[in-house]
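Participant: What would the 3D arrangement of this be:
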Amino acid sequence: EPQWSRPPGDKFSLLVFRDRKMLEEHPIGLASYYTLGRSGSMCDIKVHHESVSRQHVILQFGNGPSGASSSSSSSSSFTASSSSEPTPPFLYDLGSTHGTFVNQKRVSPKTHI
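Facilitator: Prediction:
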C-alpha cells in the first residue's frame with residue numbers, strides 16, 4: 001500500500017450496471033483501497049465476467065503519487081454523501097490479461113491514473 005494512501009473520508013458507492021439497470025451497489029468509503037477481480041477470496045469486490053482477471057484492478061484513495069492524474073470524469077460511477085467535493089479514487093490495473101478501460105481508452109498497467 002502506498003505511503004500516500006488514505007481512506008476517502010466520504011461515503012462512496014461503486015454501482016454496477018448492465019443495460020442501464022443497476023445490478024449491485026458496493027459501499028467503498030471506509031478503506032484506503034479496494035481490490036476488484038473474479039476471485040472472491042483474493043478481492044474485496046468480486047466481478048462476475050470472463051474478461052476480468054482473478055485480481056484485476058485496485059481503486060486507491062489518497063493524495064496520489066506525484067505525476068498521477070485523478071480518474072474523475074463526468075461519467076463517474078462514484079457518489080459521495082457529503083456536500084463538499086470528494087477526492088476521486090485512483091485506478092491501478094494489476095497487469096490484467098484483458099486490460100482496464102476508462103471512457104473506452106485502455107489504461108497503462110501498474111500505473112495510478
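
Participant: got a list of what residue 4 touches?
Facilitator: Listed by CB atoms under 8 Å, 6 or more residues apart in numbering, the contact partners of residue 4 are 62, 63, 64, 65. For the C-beta atoms, the positions are set from N, CA and C on the backbone; glycine is no exception.

Participant: What count of nearby residues applies to the residue nearest to residue 108 when sequence neighbours are not counted?
Facilitator: In space, and not counting its chain neighbours, residue 108 is closest to residue 93: 7.3 Å by CB to CB, 6 or more residues apart in numbering. If you count neighbours by other CB atoms under 10 Å, residue 93 ends up with 21.

Participant: in the sheet, who's paired with residue 93?
Facilitator: Beta-bridge partners for residue 93, by DSSP bridges, are residue 57.

Participant: show me what contacts it?
Facilitator: Here residue 93 is in contact with 56, 57, 99, 100, 107, 108, 109, 110, 111 (CB under 8 Å, 6+ apart).

Participant: can you do 6 Å?
Facilitator: 57, 100, 107, 109 (CB atoms under 6 Å, 6 or more residues apart in numbering).

Participant: measure it to residue 25 for me?
Facilitator: As for residue 93, its distance to residue 25 is 23 Å (criterion: CB to CB, to the nearest Å).

Participant: What of residue 94?
Facilitator: To residue 25, residue 94 is 23 Å away according to CB to CB.

Participant: Give me the more crowded residue out of these two.
Facilitator: Between residue 94 and residue 25, counted using other CB under 10 Å, the more crowded position is residue 94 (16 against 11).

Participant: ok so, going back, redo the contacts of residue 4 as CSV? Include neighbour count and pLDDT.
Facilitator: Formatted as CSV, the contacts of residue 4 follow (neighbours: other CB atoms under 10 Å; pLDDT from 0 to 100):
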residue, neighbour count, pLDDT
62, 19, 90
63, 13, 84
64, 20, 79
65, 14, 76
